[in-house]
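> quick one: sequence and predicted model below, then my questions.
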Amino acid sequence: MRRLCVALDTHLEQALRLVELLKGYPLIYKIGYKLFVSNGVEVIRKVRDIDPSAELFLDLKLHDIPNSVRNGVISATNLGVDYLTLHTLGGSEMIKRASEVKGTLKLLGVTLLTSHGEEYLKELGISLSKEELILKLAQIGLKNGCDGLVCSAHEVAYLKETLGNFIAVVPGIRPYKVEGDDQRRIALPEEAVERGADIIVVGRPILKADEPRKVIEDILKRTGQ
């Protein structure tokens, strides 16, 4: 499974225009804080109405006491979304409780955000290296019911080699190199796929493109889709 996920990190009107423009391509649409907090479940219905064939990825990175996260997962299954993120830092019990009620929903564990580097771990007083922490959190996630992991292109090959097969979702994808990017662990689409990415997430390069369809077609071609 190698799919292109478009991050709809914009206002509702632009998001819906983009979905209308890209209708017909084999895409996943990621709905995060900006759209979901502003528009609630209505945004899910509207995207579904425009493109019923699209898959939906609700990126809320749930992290709370086990029962609260369990209830959040139940609500997500009722919305009919296909993917949902939670923080593996929430621990084994939280993830177990979430996985008990996921149904066909795919739970994706978030380990370390792409904007975080070694200095972030030092700030928190964590003695593990970045690689050691990511591996530990990934193990906790997969052992307790996560279907996949959100990880950068720089660790996906190592994680798959070490942990076996899982749905690898890789954000921080750029069709071309950009200086001064706020996501530090970025990669080109083909680089991510070669390293084992199953789903690559692209946002700004599509949202800001004059011709989004050309960007989509270029990425699909470069990743063999």
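Happy to help now that I have it.

> switch to C-alpha atoms for all contacts and neighbour counts from now on
Noted.

> give the helix, strand or coil label for Leu84.
Local secondary structure at Leu84 is given as strand here, using DSSP: H, G, I helix; E, B strand; the rest coil.

> partners of it in the sheet?
Beta-bridge partners for Leu84, by DSSP bridges, are Leu58, Leu107.

> relative to Ala192, how far out is it?
Leu84 sits 21 Å away from Ala192, going by C-alpha to C-alpha, to the nearest Å.

> of the two, who's got more company?
Neighbours of Leu84 and Ala192, each counted by other C-alpha atoms under 10 Å, are more numerous for Ala192; the result is 27 against 24.

> tell me the contacts of the more buried one?
Residues counted as contacts of Ala192 (C-alpha atoms under 8 Å, 6 or more residues apart in numbering) are 153, 170, 173, 200.

> okay, buried residues for the helix or strand of the chain with the lowest mean pLDDT please.
Using mean pLDDT, DSSP states H and E, the weakest-scoring helix or strand in the chain turns out to be helix 118-124, at a mean of 89. Applying a neighbour-count criterion of 16 or more other C-alpha atoms under 10 Å, the buried positions in helix 118-124 are Leu121.

> how far does the helix or strand following it sit from its chain's centre?
Sequence-wise, the next helix or strand downstream of helix 118-124 (DSSP states H and E) is helix 130-143. Relative to its parent chain, helix 130-143 has a centroid offset of 16 Å by C-alpha atoms, centre = their mean, to the nearest Å.

> now for helix 130-143, which elements pack on it?
Packed against helix 130-143 by the contact rule (3 or more C-alpha pairs under 8 Å, 6 or more residues apart in numbering; DSSP states H and E) you find helix 92-100, strand 106-110, strand 148-150, helix 156-163.

> nearest to Val43, out of the ones you listed?
Shortest distance between Val43 and the helices and strands packed on helix 130-143, using C-alpha to C-alpha, is found for strand 106-110: 19.8 Å.

> tell me the angle that closest one makes with helix 130-143.
Orientation note: strand 106-110 sits at an angle of 160 degrees relative to helix 130-143 (axes from the mean of the first three to the mean of the last three C-alpha atoms, to 10 degrees).

> so what touches strand 106-110?
Outside strand 106-110, the residues that reach it (C-alpha under 8 Å, 6+ apart) are 61, 82-88, 99, 138, 141-142, 145-151, 167.

> before we move on, what about stretch 43-63?
Counting by C-alpha under 8 Å, 6+ apart, stretch 43-63 makes contact with 12, 16, 19-20, 23-24, 26-33, 35-36, 69, 72, 79, 81-87, 89-90, 110, all of which sit outside it.

> for stretch 93-103, same thing?
Contacts with stretch 93-103, where a contact means C-alpha under 8 Å, 6+ apart, come from 64-67, 69-71, 73-74, 77, 88, 107, 141, 144-146.

> residue contacts, Leu220?
When contacts are counted by C-alpha under 8 Å, 6+ apart, Leu220 touches Leu4.

> wait, a helix at it?
Yes. With three-state DSSP as the criterion, Leu220 is located in a helix.
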